[in-house]
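Student: Quick check, what structure comes out for this input:
(2 chains)
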Amino acid sequence: GAGVSQSPSNKVTEKGKDVELRCDPISGHTALYWYRQRLGQGLEFLIYFQGNSAPDKSGLPSDRFSAERTGESVSTLTIQRTQQEDSAVYLCASSLRTSLGETQYFGPGTRLLVL
Amino acid sequence: AQKVTQAQTEISVVEKEDVTLDCVYETRDTTYYLFWYKQPPSGELVFLIRRNSFDEQNEISGRYSWNFQKSTSSFNFTITASQVVDSAVYFCALSEGELTGGGNKLTFGTGTQLKVEL
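Tutor: Residues are numbered from 1 along each chain as shown, chains lettered A, B, ... in the order given. Modelled structure (predicted):
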């Protein structure tokens, strides 16, 4: 079946603009995660959604970052008033459940460049 | 404190050589999971293996093998007879249990860039 998809694949924006990144999880996966990968570094957790429960936002770096998910479908990560340090690859992952140890399957990422 | 350490930033080998990628982790939980992912130049993370903290048996899958040792908090990954297609960044990751409030979010190491040359 189809894997996790993300759009756009690349985004170039000017400092101060808002951007929206989209993630389509694997069908039937109840859990959805967002991670950020800065150049040459590992992934850092941002936020995750588990079904209809309140999301875990503990990884969001500032209040300029927010995310939404409707039910078990698409999620949107929004970055307001972008800064140059927001430049990174934003990766989305989904898993069947949020049980500890559930394997997360990743999308191809959105490469964001803030000029 | 960093919870997953991949001390090898970059490794270069010649094709057909064996190579081991190191991963050391830190957790206070007794229940946790460890993962390895491969990130080829295309950028998409590919799941390789998952291991829970109660299963210390080594695992072999084709040319890949994993050595999990709780005594040294290590989960090392060996590629036997490496090939050019193995060139990628490899990430080790940890998913912790309720004690540390980890839920199922992954903590990643900084990755090891493996270059396999002809």
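Student: So what are the sheet partners of the helix or strand of chain B with the lowest mean pLDDT and their directions?
Tutor: Among the helical and strand segments of chain B, the one scoring lowest on mean pLDDT, DSSP states H and E is strand B:59-61, with a mean of 90. Each strand that pairs with strand B:59-61, with its direction, by DSSP bridges: strand B:64-69 (antiparallel).
Student: Is whatever helix or strand comes next after the strand it pairs with in proximity to chain A?
Tutor: Next helix or strand after strand B:64-69 toward the C-terminus (DSSP states H and E): strand B:74-79. No. Using Cβ under 8 Å from any Cβ of the partner chain, strand B:74-79 stays clear of chain A, with a minimum separation of 13.7 Å. Placement of C-beta: from N, CA and C, glycine included.
Student: can you list contacts of strand B:74-79?
Tutor: With Cβ atoms under 8 Å, 6 or more residues apart in numbering or on different chains as the test, strand B:74-79 has contacts from B:18-25, B:34, B:36, B:48-49, B:51, B:63-69, B:86, B:90, B:92, B:114.
Student: Kindly recompute the last result at 10 Å.
Tutor: B:4-6, B:13, B:17-25, B:34-36, B:38, B:48-49, B:51, B:58, B:60, B:62-69, B:86, B:90, B:92-94, B:112, B:114, B:116 (Cβ atoms under 10 Å, 6 or more residues apart in numbering or on different chains).
Student: which stretches of chain B have low pLDDT?
Tutor: Within chain B, the segments meeting pLDDT under 70 span B:1-2, B:97-103.
Student: what about the strands in it?
Tutor: In order along the chain, chain B carries the following strands (DSSP state E): B:4-5, B:10-14, B:19-21, B:24-25, B:32-39, B:46-52, B:59-61, B:64-69, B:74-79, B:88-96, B:106-108, B:112-117.
Student: Return the distance of the fifth one from the chain's centre.
Tutor: Read that as strand B:32-39. What separates the centre of strand B:32-39 from the centre of its chain is 5 Å, taken as Cα atoms, centre = their mean, to the nearest Å.
Student: helices and strands around it, which ones?
Tutor: Contacts defined by 3 or more Cβ pairs under 10 Å, 6 or more residues apart in numbering or on different chains; DSSP states H and E place strand B:32-39 against strand A:88-95, strand B:46-52, strand B:64-69, strand B:74-79, strand B:88-96, strand B:106-108.
Student: can we see that at 8 Å?
Tutor: Under the contact definition 3 or more Cβ pairs under 8 Å, 6 or more residues apart in numbering or on different chains; DSSP states H and E, strand B:32-39 sits against strand B:46-52, strand B:74-79, strand B:88-96.
Student: Nice, that's everything, thank you.
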